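1. Here you go, sequence then predicted model.
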Amino acid sequence: MIKLTFRIACLFLFLLLPLPCQAMQKMDAPESISWWQRFQNRVVETWNSPTYDLYVPLYTWHNRLAYDSDKIDKYNEYPWGIGFGKSMFDEDGDWHALYAMGFQDSHDMFEPIVGYAFQKNWRPSENSDWRVGGGFTLGITARQQYNYIPMPLPLPMAGIEYKNVALQAVYIPGTYNNGNVLFCWLRWQLN
């Protein structure tokens with residue numbers, strides 16, 4: 001089932017990629033490019049980037065206001081795992097990434113995720129090595145409790161970065177005793 005999930009996730013990523021002629025086409029007027037074409041171009045640019053990232057899941061915080069304490073006591077909040085990706089900073093200093101990560105979920109079961117991430121960055125000063133940002137990730141995940149059926153996962157994301165190391169997180173919204181989780185990881189730019 002995991003192999004099927006991985007294949008479906010890879011298919012999803014390839015569907016995001018434009019046809020080669022679209023990716024290479026130069027437009028005279030950038031404002032005439034649709035948001036979908038811009039998104040596809042960014043995905044292709046990220047895929048072609050020489051920058052690789054290592055992801056290390058750190059912590060899964062279950063919102064104490066949205067869970068019964070007996071449920072919290074049963075959940076794993078230290079998601080062992082690892083991930084790899086490719087990323088780039090665009091001309092505005094914003095971060096784009098394609099990634100794949102696998103980790104232990106809240107029930108100590110394997111959970112894979114693949115996707116695209118975007119983070120709009122702000123620097124405290126021009127010469128600063130610090131960046132702070134917010135954005136989103138569009139991914140596909142699969143969980144054991146749902147028989148590893150691939151599910152789309154659009155999530156809000158935030159991060160803080162110093163030089164080539166970043167602490168990033170997504171928030172998974174939900175209902176009472178379900179969802180409402182902050183998932184944090186460390187990202188290390190390898191080159």
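-> Right, received. Where do you want to start?
2. Flag every buried residue along the host helix or strand of residue 134.
-> Secondary structure assignment for residue 134, by DSSP states H and E: strand 130-141. Across strand 130-141, burial judged by 16 or more other C-beta atoms under 10 Å covers 131, 133, 135-137, 139-141. Where C-beta positions appear, they are placed from N, C-alpha and C, glycine not excepted.
3. and residue 177, what does it touch?
-> With C-beta atoms under 8 Å, 6 or more residues apart in numbering as the criterion, the residues that contact residue 177 are 66-68, 71.
4. And residue 78, by the same measure?
-> Per C-beta under 8 Å, 6+ apart, neighbours of residue 78: 59-60, 104.
5. can you map out the strands along the protein?
-> Assigned by DSSP state E, the chain shows strands spanning 51-62, 81-89, 95-104, 110-122, 130-141, 151-162, 165-172, 181-189.
6. Other residues contacting the fifth one?
-> Just to be clear, that refers to strand 130-141. So strand 130-141 is in contact with 8-9, 12, 93-95, 111-124, 150-162, 166, 170, going by C-beta under 8 Å, 6+ apart.
7. Next, the angle strand 151-162 makes with the strand holding residue 134.
-> Put simply, strand 130-141 runs at 160 degrees to strand 151-162, going by axes from the mean of the first three to the mean of the last three C-alpha atoms, to 10 degrees.
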